[in-house]
Structure formats: structure tokens, C-alpha cells
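In: Any chance you can model this:
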Amino acid sequence: MARIGLEHRRTWFVRLAEWGSRRKYGEVLDPGKAALHNRRVLTTMLMMEGSAARWNKLEPGLKALAVMVTSARIGCSWCVDFGYWEFHHLGVDQAKLRDVPGWRDSDVYSDLERAVMDYAEAMSATPPEVTDEQVERLRAELTDEQLVELTAVVSLENYRSRTNAALGLTSQGFKEYCELRPVQ
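Out: Just a heads-up that it's a prediction; the model follows:
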């Protein structure tokens, strides 16, 4: 159960924000409902997400696995649910998405995917547990530009997952609708 109210007085701003969310995702996202309590925070979140959506140097499948491992490591059920739905519709292999919680024991991942997930988990520990060897392993196959993007993606997912988990946001049931295409 959310630790903050998700209902708001029906102002023009609230109606506009809800319309935008429904248009893009088919429903109003709980993190957006929570952020509606502070317009500046909501605006910052929207600008940051809009900018991050244009990052395009890292292969989308690697990005998806980094995000999913990060949200699983932090324990954000909302993020795992939404991530599965989002990446499923982007064409990421469903077996890889399903196996994320036990990725170390799964044989569906390549060596590079394992290195990316290992790095994401190390970055998400408190304090971070990234080693020189992990970074060198990634630099053997990724450009510096891709490594920086991977690091920023994991950092952004840490922000999302820790915020949502702290506010008590849980699954909205997106995974149940994976047969449906997201609204464009």
C-alpha cells in the first residue's frame, strides 16, 4: 500500500497530467500520481525521463537487463512489473526478462549480458561494490560512450526504484497486460 496519497483534487493540471499518462501508457502511473504532490519534482522527473529516453548508444536489450536487475536488486515491485511490460513491448526476449531474478543460475544470457547485470547489481549495492575488473570486462566490449550510458541508466533506475520503494508503490499489474501494445 502506498505511503502517500495517490488521489488528487481534479484541477486542470491534474487532469492534464493524467491525460498525458493515459495517452502514453494506457493508465495513470502511480509514480506520477505520487509526484503530483510537488509540481517541481514532477516537472524534473518528466524532463529527466524525456531526455533519458533519447539515449541511444547502448543496445536496448542490454539497457533493459540493466534496468530490470537494478529494480529487482532494490526490491521495487512497481519497477519490475512496469519494466517487464515496457521491455516486453520493445521486443526484448521474454525468457531473459523472466529469468532476471535468478539470472546467475540461468543459461539464457550471453557473457556480455552477464557482465552488464553483474555491474548493475554492484552499482546498486550500498555502498556501491563496483570493481576495476568489472569495468575492464565491460570496456572490452563496450565503447566508453556506451559504458557511460550504461552507468547512467543504472543510476537512473536506482533513483526510480528507491523513490518508488520508499513511497510504498507496488505493482500496478502491467505484466498481466503484456499481450497489449503500449499506447503510442
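
In: Residues contacting the lengthiest helix in the chain, please?
Out: Assignment by DSSP state H gives helix 144-166 as the longest helix of the chain. The contact list for helix 144-166, computed with C-beta atoms under 8 Å, 6 or more residues apart in numbering, reads 3, 30-31, 34, 48, 52, 55, 57-58, 62-63, 66-67, 70-71, 74-76, 78-79, 116, 119-120, 123-124, 135, 138-139, 142. To be clear about C-beta, it is placed using only N, CA and C from the backbone, and glycine gets the same treatment.

In: Next, the contact list for the residue nearest to Val92 when sequence neighbours are not counted, please.
Out: With sequence-adjacent residues excluded and distances taken as C-beta to C-beta, 6 or more residues apart in numbering, Val92 is closest to Ala64, at 4.5 Å. Each residue near Ala64 by C-beta under 8 Å, 6+ apart is listed here: 83, 87, 90, 92, 97.

In: So which residues of this protein form strands?
Out: For the chain, no strands are identified by DSSP state E.

In: quick one: low-confidence parts of it?
Out: Low-confidence segments of the chain (pLDDT under 70): 177-184.

In: what about the helices in it?
Out: All helices of the chain, identified by DSSP H, fall at 12-25, 30-35, 39-52, 60-74, 77-89, 94-98, 111-124, 132-139, 144-166.

In: looking at the ones you listed, which is buried most?
Out: helix 60-74 (a mean of 24; mean count of other C-beta atoms under 10 Å).

In: How far off centre is that one?
Out: 7 Å (C-alpha atoms, centre = their mean, to the nearest Å).

In: Please export the C-alpha coordinates of it as PDB.
Out: This file holds the C-alpha atoms of helix 60-74, laid out as PDB (Å, rounded to 0.1, in the frame of the first residue of the first chain):
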ATOM      1  CA  PRO A  60      18.300  -1.700 -25.900                       C
ATOM      2  CA  GLY A  61      18.400  -5.300 -24.700                       C
ATOM      3  CA  LEU A  62      21.400  -4.600 -22.500                       C
ATOM      4  CA  LYS A  63      19.700  -1.500 -21.200                       C
ATOM      5  CA  ALA A  64      16.600  -3.500 -20.400                       C
ATOM      6  CA  LEU A  65      18.500  -6.100 -18.400                       C
ATOM      7  CA  ALA A  66      20.500  -3.400 -16.500                       C
ATOM      8  CA  VAL A  67      17.200  -1.700 -15.500                       C
ATOM      9  CA  MET A  68      15.400  -5.000 -14.600                       C
ATOM     10  CA  VAL A  69      18.400  -6.300 -12.500                       C
ATOM     11  CA  THR A  70      18.600  -2.900 -10.700                       C
ATOM     12  CA  SER A  71      14.900  -2.800  -9.800                       C
ATOM     13  CA  ALA A  72      15.000  -6.400  -8.700                       C
ATOM     14  CA  ARG A  73      18.100  -5.800  -6.500                       C
ATOM     15  CA  ILE A  74      16.500  -2.800  -4.800                       C
END
